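>>> could you work out the structure for the sequence below:
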Amino acid sequence: MSPPLDDWGADRESPLSGAGFWRCIMACHSKVGQQIARKRVEQGIKLFNQQRHQEAVAKWKEALRKIRREQDRFITLGYLCQAYMHWGKYRELVELAFQQLDIAHSMEDNLLRAEAYLNLARGNERMGSLDSALQYCRHSLYSQCDQSRTTGQVHLCLGNIYVTYSNFSKAIEHYELALKVARSIRDVGLELLIYVGMGQVFNVLKDYNKGLQLVAKAFELSKSFQICDLNMRHQRLALLHLVTPLRKLGRMSEAYECCQDALRMALEAGDRPLNARGLCAMGDILRQKSDGQRAYRRYEAALQMLTDMEDAFGRVLALDGMAKSISLLCRQKKVCDCKPLEAYTRLLDAVTNCGSKLLLRNTHQHLSGIYAALGDDENARLQERLASVLTEEMELYCAVCNQPLGQEPGNSLEALPCSHIFHQQCARELLSKSDRRKKKRICPQCRKTVNSRMMFVCYDDVKYDGHYPAFLANNTTHVQTPDHPL
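Numbers count the residues shown, from 1 in each chain. Sure, this is the predicted structure:
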């Protein structure tokens with residue numbers, strides 16, 4: 001028998017009276033608030049893809065204040081990390097990544113940990129904390145075992161770190177691992193960044209033809225993106241990295257056009273890191289044209305931006321350009337003979353802390369020449385000895401002919417599948433001798449068995465996959481000019 005109407009629910013709280021009513025109202029309000037927050041995140045994504053980055057960040061920050069679900073907070077923090085990376089606010093990026101890591105730990109989610117560690121690695125790499133960046137990359141790899149995009153991005157970050165360290169074989173090894181992931185998951189954006197990184201390796205080692213081909217391939221890939229922001233972001237990155245090989249190959253007008261386009265696109269998009277690097281590249285062009293004063297001003301402007309962003313390696317590049325410009329002005333009798341020594345001493349202090357052995361060696365070599373010109377033979381010999389020690393540490397020599405790598409332009413280089421680098425002719429002779437004797441192909445540096453494939457990325461794929469780089473259309477076998485003394 002049902003209880004009397006007046007007594008129904010007397011022993012329980014009515015959902016429409018008192019505290020129960022307000023809980024219902026608050027629950028509805030919270031649910032609506034979460035829906036609005038998610039809508040703000042979606043709006044931010046659309047704005048960011050339209051290159052309206054300030055508005056996008058405002059939407060994400062507004063959403064972050066209301067989001068309660070931990071995973072949604074993690075994702076929104078990831079979008080903010082991407083925006084701060086774009087602006088060159090690396091310290092803020094690291095702070096957000098630590099918030100991501102706290103969420104990942106609280107959820108005990110290894111995949112989220114991997115992404116948080118990756119963002120920490122990126123921020124630390126840009127700020128020059130390379131040892132910390134390496135540790136975060138390793139933590140990220142330990143937190144996952146699948147061939148995900150995060151895995152590929154971690155190997156890309158490791159490759160970039162080892163380029164800064166001047167450990168080029170190790171850099172190639174990680175670029176190869178990243179490329180395997182990119183191709184397995186068909187991530188064109190990741191593949192593009194790998195080509196840019198590999199092009200940088202060969203440009204540093206003065207094989208400018210190969211560097212040009214790799215970066216030109218990246219430029220062609222950049223045209224395949226439909227989203228406006230991705231298309232423009234990748235295009236300006238590829239254009240900037242085309243400048244060095246074009247300039248070194250004597251194609252100055254093309255280098256200037258690429259640099260101008262990259263700077264214009266970076267300015268329009270508010271891409272401060274690329275804008276600063278573009279100013280350095282423009283300084284290189286002006287310096288090679290013997291316009292030391294204008295070049296110096298470009299480097300000086302870049303230095304201020306890079307210092308504000310706490311971009312340690314970029315700051316060293318700007319100081320290096322300033323020192324070379326002052327040396328040029330000294331040769332032109334526009335500054336006194338003591339100025340180059342001051343500039344390179346300042347550069348030496350910065351490059352010692354950034355971790356780049358190659359730049360440190362080059363700085364010692366320049367200082368040796370300056371001391372010799374000033375008649376200080378003792379310091380000149382000291383600087384030369386320090387440079388020789390660094391050359392030995394970097395192992396920048398061909399294990400077949402025992403001649404140095406990366407000192408003379410015009411020598412084509414190749415990397416075996418084990419990632420060790422040789423002169424192209426030496427590598428081919430090594431493999432052809434092994435073929436004739438029907439013996440295993442052995443790398444003379446690490447003694448690993450290798451196959452007949454010359455480079456980690458098949459060169460035919462770079463040149464003949466139906467996306468022939470326009471920059472190479474009329475210059476497929478361009479002869480390298482002697483390296484410019486500047």
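>>> contact partners for Gly369?
Ala380 (Cβ atoms under 8 Å, 6 or more residues apart in numbering). In this view, the C-beta of every residue, glycine as well, is placed from N, C-alpha and C.
>>> over to it: give its phi and psi.
For Gly369, the backbone dihedrals (degrees, to the nearest 10) come out as phi -60, psi -40.
>>> equivalent analysis for Cys336, please.
phi -80, psi 160.
>>> got it, and Leu205?
In terms of degrees, to the nearest 10, the main-chain angles of Leu205 are phi -90, psi 10.
>>> three-state assignment of the residue nearest to it when sequence neighbours are not counted?
Spatially, and ignoring its direct neighbours in sequence, Leu205 is nearest to Gly406 (3.8 Å; Cβ to Cβ, 6 or more residues apart in numbering). Taken by DSSP: H, G, I helix; E, B strand; the rest coil, the conformation at Gly406 corresponds to coil.
>>> how many neighbours does Gly406 have?
Around Gly406 sit 22 other residues, with neighbours defined as other Cβ atoms under 10 Å.
>>> then Asp131?
A total of 12 residues lie near Asp131 under the criterion other Cβ under 10 Å.
>>> can you tell me how far it sits from Thr150?
Asp131 sits 21 Å away from Thr150, going by Cβ to Cβ, to the nearest Å.
>>> do the same with Phe313
For Phe313 relative to Thr150 (Cβ to Cβ), the value is 23 Å.
>>> low-confidence ranges, this structure, go.
1-34, 145, 226-230, 410, 433-440, 450-486 (pLDDT under 70).
>>> next, name the residue at the spatial heart of it.
Note on the chain: the residue nearest the mean C-alpha position is Asn160, at 5.5 Å, using Cα atoms, centre = their mean.
>>> tell me which element that one falls in.
helix 149-165 (DSSP states H and E).
>>> tilt between the helix or strand just after that helix and helix 149-165?
Once the chain leaves helix 149-165, the next helix or strand it forms, by DSSP H and E, is helix 168-185. When axes from the mean of the first three to the mean of the last three Cα atoms, to 10 degrees is applied, the directions of helix 168-185 and helix 149-165 differ by 160 degrees.
>>> and helix 168-185, what's buried?
168-183 (16 or more other Cβ atoms under 10 Å).
>>> neighbouring contacts of the helix or strand hosting Gly283?
Assigned by DSSP H and E, Gly283 belongs to helix 272-288. Contact with helix 272-288 is made by 86-88, 126, 236-237, 240, 243-244, 247, 252, 255-256, 259-260, 262-263, 266-267, 292, 294-296, 298-299, 301-302, 305-306, 309, 311, 314, 317-318, 321, 324-325, 328, 484, 486, as judged by Cβ under 8 Å, 6+ apart.
>>> let's see it at 6 Å
Here helix 272-288 makes contact (Cβ atoms under 6 Å, 6 or more residues apart in numbering) with 87-88, 236, 240, 243, 247, 255-256, 259, 262-263, 266, 294-295, 298-299, 301-302, 305-306, 317-318, 321, 325, 484, 486.
>>> kindly report the same for stretch 39-57.
Here stretch 39-57 makes contact (Cβ under 6 Å, 6+ apart) with 59-60, 62-63, 76, 83, 227, 229, 269-270.
>>> got it, and stretch 186-202?
149, 152, 156, 159, 168, 171, 175, 178-179, 182, 210-211, 214-215, 217-218, 221, 224, 234, 241.
>>> residues of stretch 92-107 that come out buried?
Going by 16+ other Cβ under 10 Å, stretch 92-107 has these buried residues: 92-94, 96-97, 99-101, 103-104.
>>> pull it out as PDB, backbone CA atoms only.
Extracted in PDB, the C-alpha atoms of stretch 92-107 (Å, rounded to 0.1, in the frame of the first residue of the first chain):
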ATOM      1  CA  GLU A  92      56.300  30.100 -20.300                       C
ATOM      2  CA  LEU A  93      56.200  27.000 -22.500                       C
ATOM      3  CA  VAL A  94      58.200  25.100 -19.800                       C
ATOM      4  CA  GLU A  95      55.900  26.300 -17.100                       C
ATOM      5  CA  LEU A  96      52.800  25.000 -19.000                       C
ATOM      6  CA  ALA A  97      54.500  21.700 -19.700                       C
ATOM      7  CA  PHE A  98      55.100  21.200 -16.000                       C
ATOM      8  CA  GLN A  99      51.400  21.700 -15.400                       C
ATOM      9  CA  GLN A 100      50.800  19.100 -18.100                       C
ATOM     10  CA  LEU A 101      53.200  16.700 -16.300                       C
ATOM     11  CA  ASP A 102      51.400  17.200 -13.000                       C
ATOM     12  CA  ILE A 103      48.100  16.200 -14.700                       C
ATOM     13  CA  ALA A 104      49.700  13.200 -16.400                       C
ATOM     14  CA  HIS A 105      51.100  12.000 -13.100                       C
ATOM     15  CA  SER A 106      47.700  12.400 -11.300                       C
ATOM     16  CA  MET A 107      46.000  10.500 -14.100                       C
END
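>>> nearest residue to Lys206 other than its sequence neighbours?
Excluding the flanking residues, the one nearest Lys206 by Cβ to Cβ, 6+ apart is Pro409, at 4.4 Å.
>>> tell me how far the one you found lies from Gln200.
Pro409 is 16 Å from Gln200, by Cβ to Cβ.
>>> out of those two, which sits in the more crowded spot?
Counted by other Cβ under 10 Å, Pro409 and Gln200 do not tie: Gln200 has more neighbours, with 22 against 17.
>>> three-state assignment of that one?
helix.
>>> how near is it to Ala218?
Gln200 sits 10 Å away from Ala218, taking Cβ to Cβ as the criterion.
>>> likewise Glu176?
Glu176 sits 16 Å away from Ala218, going by Cβ to Cβ.
>>> what's the answer for Gln153, then?
For Gln153, the distance to Ala218 - Cβ to Cβ - is 16 Å.
>>> tell me how far the closest residue to Glu310 other than its chain neighbours lies from Leu319.
Leaving aside its sequence neighbours, Glu310 sits nearest to Met127 (Cβ to Cβ, 6+ apart; 4.9 Å). Distance, Met127 to Leu319, using Cβ to Cβ: 16 Å.
>>> having no further points to raise, I will conclude here.
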